[in-house]
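**Q** Got a sequence here, can you model it:
(4 chains)
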Number of protein chains: 2
Amino acid sequence: MSPSEADSALPAGGGAFLLTQLGTHAAQAFAERIAELDLTPPQAGLLRAVAFGPGRSQQALAQQLGTAPTRLVALVDGLEQRGLLERRRNPGDRRLHAVHLSVAGEAVMADIGRVSRDHNDAVLSALDPAEREQLRALLARVATDRGLTPGVHPGYRTLSAADPGSPSREDRATY
Amino acid sequence: MSPSEADSALPAGGGAFLLTQLGTHAAQAFAERIAELDLTPPQAGLLRAVAFGPGRSQQALAQQLGTAPTRLVALVDGLEQRGLLERRRNPGDRRLHAVHLSVAGEAVMADIGRVSRDHNDAVLSALDPAEREQLRALLARVATDRGLTPGVHPGYRTLSAADPGSPSREDRATY
DNA sequence: GTAAATCGTTACAAGTTGTAACAGTGACTC
DNA sequence: GAGTCACTGTTACAACTTGTAACGATTTAC
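**A** The predicted structure is shown next:
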């Protein structure tokens, strides 16, 4: 636990490890928060993507989120049945479904924003406002450097770690 | 994209969101790195836990990692067949299996440390050493405040988001 | 006007994870 | 000293989520 160990030798003491540890923790805490709105994190992410760019096709949304179009079908289905999303036929090209937010969907988006702010305050409660801004600036620089799309989680994509000869179980996980 | 928006309104611009975004990204990058050693992140986590406290029982390891003892069985099985871990019968209490690292396991631990250092440098390449230490200190304070166990990922535990009446699919994900 | 391409949908299959029940061993009590 | 209860590790089972492939509907190109 000495600082010299944490800096030089220990693999679990580096900033990258802390990043994954805290990131997973923050994701779990956020999932519990929005569960109060009867929403899951993927649903919230889709709502946010639609709110950011309304009227897009499902394939465009899938490409931005980095997931397969198949997943979007069930996702949009659930939110449409709850009256939060609408599939509108595009008169110009009747193949694609323009996805829009309903009035109820916009209200839920406001709720999501409120929950996100509470979540943000809870996670960063150990830091004062100046330190929070300091952390945010550092993280934003790292995110830009790594080529991350603003506002989109990389959790939609699957990691490919297939090696021949590896055992069938215990292959891949979020860790 | 203006700073005022990111600070006050946008739910995706806060530090907590950046934390989950970067945490997932770092976890994926680490998974790709250790795949070169034919290891998965859970396997690396178990090896690290055993190296940190050798000779513990599987239940003790499961409790520390926050996972079910069932998962540890297959995990230890795979690493034992590869000659990295050893199950030794404790003469004092023949019920429990004392889990130790083999010589090959210690060598792999050295490889993991090397890979982790490279991974750490790659993820934080946008920051100079002083900024990395600054970020590390801020993250460490948040992690302590949130009660996270040093060196252990919270990804082993399952999130419970069960609500009656919710659809069977699209329930829960890492996001 | 016919053929190729695109979008959304559905059905199928694979993999991973959690829950519950089962032998072996030790501790405690009478 | 025998019996009962508690604990460790293991195995088998079931549920869930995710990715791949094939199928109508519609548009564009030749």
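
**Q** which intervals of chain A have sub-threshold pLDDT?
**A** By pLDDT under 70, the low-scoring segments of chain A are A:1-12, A:157-175.

**Q** Now do the strands in it.
**A** For chain A, the strands defined by DSSP state E cover A:85-89, A:97-101.

**Q** Out of these, which is the most enclosed?
**A** Using mean count of other CB atoms under 10 Å in any protein chain shown, the stretch among those with the largest mean neighbour count is strand A:97-101, at a mean of 19. All C-beta atoms are positioned from the backbone trio N, CA, C, and that covers glycine.

**Q** Which residues does that strand contact?
**A** A:47, A:50-51, A:54-58, A:61, A:76, A:84-90, A:109 (CB atoms under 8 Å, 6 or more residues apart in numbering or on different chains).

**Q** hmm, try it at 10 Å
**A** Strand A:97-101 is contacted from outside by A:46-47, A:49-51, A:53-61, A:72, A:76, A:79-80, A:84-92, A:106-109, using CB atoms under 10 Å, 6 or more residues apart in numbering or on different chains.

**Q** Same question for stretch A:105-119.
**A** A:26, A:29-39, A:43-44, A:47-48, A:50-51, A:54, A:79-80, A:82-86, A:100-102, B:8-14, B:16-17, B:20.

**Q** again, but for stretch A:135-145
**A** Outside stretch A:135-145, the residues that reach it (CB under 10 Å, 6+ apart) are A:15-16, A:19, A:120, A:124, A:127, A:148-150, B:3, B:6-7, B:13-19, B:21-23, B:25-26, B:123-127, B:131-132, B:134-135, B:138-139, B:141-142.

**Q** Nearest residue to residue A:125 in space, ignoring adjacent ones along the chain?
**A** residue B:145 (6.4 Å; CB to CB, 6 or more residues apart in numbering or on different chains).

**Q** What distance do you get for the one you found to residue B:132?
**A** The gap separating residue B:145 from residue B:132 is 20 Å, by CB to CB, to the nearest Å.

**Q** what's the burial count for the residue nearest to residue A:125?
**A** 13 (other CB atoms under 10 Å in any protein chain shown).

**Q** Taking the centroid of chain A, which residue is nearest it?
**A** residue A:153 (3.5 Å; CA atoms, centre = their mean).

**Q** Please tell me I have it right and it contacts residue A:65.
**A** Yes - at 8.2 Å, residue A:153 and residue A:65 qualify as touching, with contact defined as CB atoms under 10 Å.

**Q** Around DNA strand D, pick out the residues from chain A.
**A** A:42, A:67-68, A:70-71, A:93-95, A:157-158 (CB under 7 Å from any atom of the strand).

**Q** got the strands of chain A as a markdown table, with distance to residue A:115 columns?
**A** As requested, these are arranged in a markdown table below (distance: least, CB to CB, whole Å):
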| stretch | distance to residue A:115 |
| --- | --- |
| strand A:85-89 | 19 |
| strand A:97-101 | 17 |
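
**Q** In a markdown table: the ones you listed, plus distance to DNA strand C.
**A** Shown next, in a markdown table, are these (distance: least, CB to the nearest atom of the strand, whole Å):
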| stretch | distance to DNA strand C |
| --- | --- |
| strand A:85-89 | 6 |
| strand A:97-101 | 4 |
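
**Q** Which residue would be the closest one in chain A to chain B?
**A** With CB to the nearest CB as the measure, residue A:23 is the residue of chain A nearest to chain B, at 1.1 Å.

**Q** Touching, residue A:68 and residue A:156? I think so.
**A** Yes - counting by CB under 10 Å, residue A:68 does reach residue A:156; the two are 8.7 Å apart.

**Q** what do these two both touch?
**A** Counting by CB under 10 Å, 6+ apart, the residues touching both residue A:68 and residue A:156 are residue A:62.

**Q** In terms of neighbours, single out the busier of these two.
**A** residue A:156 (21 against 12).

**Q** Show me the helices in chain A, by range?
**A** A:3-4, A:15-35, A:41-52, A:58-65, A:69-81, A:103-123, A:129-145 (DSSP state H).

**Q** from the contacts of stretch A:105-119, which would you call buried?
**A** A:26, A:29-31, A:33-35, A:39, A:43-44, A:47-48, A:50-51, A:79-80, A:82, A:84-86, A:100-101, B:10-14, B:16-17, B:20 (16 or more other CB atoms under 10 Å in any protein chain shown).

**Q** okay, now the closest residue in space to residue A:84 that isn't next to it in sequence: neighbour count?
**A** In this structure, residue A:84 finds its nearest non-sequential neighbour in residue A:105, 3.9 Å apart by CB to CB, 6+ apart. Applying other CB under 10 Å, we find 20 residues neighbouring residue A:105.

**Q** How about residue A:73?
**A** 12.

**Q** so what's it up against?
**A** By CB under 10 Å, 6+ apart, the neighbours of residue A:73 are A:58, A:62.

**Q** ok, now how distant is it from residue A:58?
**A** Following CB to CB, the distance that separates residue A:73 from residue A:58 is 7 Å.

**Q** try residue A:75
**A** 9 Å.

**Q** still on that earlier bit, pull up the overlap in contacts between residue A:153 and residue A:65.
**A** Common neighbours of residue A:153 and residue A:65 (CB under 10 Å, 6+ apart) are A:42, A:45.

**Q** if I look at residue A:21, how far off is DNA strand C?
**A** Between residue A:21 and DNA strand C the computed distance is 17 Å (CB to the nearest atom of the strand, to the nearest Å).

**Q** er, residue A:60 I mean
**A** 7 Å.

**Q** how about that residue, what does it touch?
**A** By CB under 10 Å, 6+ apart, the neighbours of residue A:60 are A:49, A:53, A:69, A:96, A:98-99.
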